[in-house]
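Q: below are the sequence and a predicted model; questions follow.
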Amino acid sequence: MQHAPVARPLLGAALSAVLALTAAACAGTGGRDTDADRPVGTAPPPARSPAALPSAALPPVLTPGQARAALITGGDLGEGWEPTRGAATWRDEVLKATAERPDCRRLLDVLYTEDLFGTDAATAPRATAALDDADGGAQLHYRITSYRADDIDRTLAWLGTLPGTCGHFEARAARGATRDVRVAAVTPPDAGDARRGLRVTVRGAATGPGDAGEAADAVLTVDLVAVRVGDDALSLTNGTLGEPADDATRAAVEAGAARLTQARRQGRAQV
């Protein structure tokens, strides 16, 4: 009796079952590489943490080196400007004050702390510089911040509302001393993708208990300017008890925007 014809169908059925099991295993792993698929002695590929993947919520930011390269120097502002020797005395004597209206209070806080775009880690400045005018007594503080373009533009739009909402208001310093504050719009140089500028004048209007006469009589003028370049921004304050140096503010904006644009072209890093 011959049994070969019976064996062949059984063998074919067995092969079909093996193939079906293999296909099911591949479907279960979604086509991913498994330990059984790799040759013996081969290490599995490293897993990518979700934290290491690019986030759509935050834009890429300048590296610290690129941000430092985009800073201005005293040479950009003209003769007499040099690295600062410390915070100007008028910062505490005149700017450390508050106001009833929230927008006006926020403006005073920005002038005092320099934190135009916020204080959390996402809006921390990438690089800063502080320069003094040894001859005229002015002080210029300069920052580069990387953030979302839409959020930067919202801050610029807020600055644009301040001449209307805080054009003239009274601020109160420590121990009851009052300050007369006036806010006007200034036109920054045509640099970057968007820009906004203010001139804030703070005058010691009255002397409260314990208020220093010098602070009460002082007239401080501060230019506040911010410029967006893509998802990066430069911001500066240029303050003085004397005559404001318009040319220094303009030079800082023009040189800073050009350097920031160049730094962006040299490459960016995901963080």
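A: Arrived safely. Numbering: from 1, shown residues only.
Q: so what strands line up beside the longest strand anywhere in the chain?
A: Ranked by number of residues, the top strand in the chain under DSSP state E is strand 194-206. The strands beside strand 194-206 in its sheet (DSSP bridges) come out as strand 178-186 (antiparallel), strand 219-229 (antiparallel).
Q: so how far is that strand from its chain's centroid?
A: Put simply, strand 194-206 sits 22 Å off its chain's centre (C-alpha atoms, centre = their mean, to the nearest Å).
Q: pull out the buried positions in that strand.
A: 195-200, 202-204 (16 or more other C-beta atoms under 10 Å). C-beta: built from backbone N, CA, C; applies to glycine.
Q: about what we covered before: out of the strands paired with strand 194-206, which gets nearest to Ala134?
A: Of all these, strand 219-229 sits nearest to Ala134, with 18.4 Å by C-beta to C-beta.
Q: where does pLDDT dip in the protein?
A: 1-60, 121-123, 205-216, 267-271 (pLDDT under 70).
Q: where does the residue nearest the centre of it land in three-state SS?
A: The residue lying closest to the centre of the chain (C-alpha atoms, centre = their mean) is Thr145, at 2.5 Å. Under the three-state scheme (DSSP: H, G, I helix; E, B strand; the rest coil), Thr145 adopts strand.
Q: that one contacts Phe117, correct?
A: Yes: with contact defined as C-beta atoms under 8 Å, Thr145 counts as touching Phe117 (5.1 Å).
Q: just put the buried residues of strand 194-206 in a markdown table and tack on distance to Thr155.
A: Output for the buried residues of strand 194-206, formatted as a markdown table (distance: C-beta to C-beta, whole Å):
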| residue | distance to Thr155 |
| --- | --- |
| Arg195 | 12 |
| Arg196 | 8 |
| Gly197 | 13 |
| Leu198 | 12 |
| Arg199 | 18 |
| Val200 | 16 |
| Val202 | 21 |
| Arg203 | 26 |
| Gly204 | 29 |
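Q: show me where the stretch 51-200 of the chain has strands.
A: 81-83, 97-98, 127-133, 139-146, 168-173, 178-186, 194-206 (DSSP state E, counting those that start in this stretch).
Q: go through these and pick out the most buried.
A: Highest mean neighbour count among these (mean count of other C-beta atoms under 10 Å): strand 139-146, with a mean of 24.
Q: which strands or helices does that strand pack on?
A: Where contact means 3 or more C-beta pairs under 8 Å, 6 or more residues apart in numbering; DSSP states H and E, strand 139-146 is packed against strand 127-133, strand 232-240, helix 246-265.
Q: quick check: which of these is buried the most?
A: Greatest average neighbour count among these goes to strand 232-240 (a mean of 26), per mean count of other C-beta under 10 Å.
Q: who does it pair with, and is each partner parallel or antiparallel?
A: Within its sheet, and counting by DSSP bridges, strand 232-240 is paired with strand 139-146 (antiparallel), strand 219-229 (antiparallel).
Q: need those strands in TSV with distance to Ala69, can you?
A: Shown next, in TSV, are the strands paired with strand 232-240 (distance: least, C-beta to C-beta, whole Å):
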stretch	distance to Ala69
strand 139-146	10
strand 219-229	14
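Q: quick one: which of those is nearest Gly80?
A: Set against Gly80 and scored by C-beta to C-beta, the strands paired with strand 232-240 come closest in strand 139-146, at 11.8 Å.
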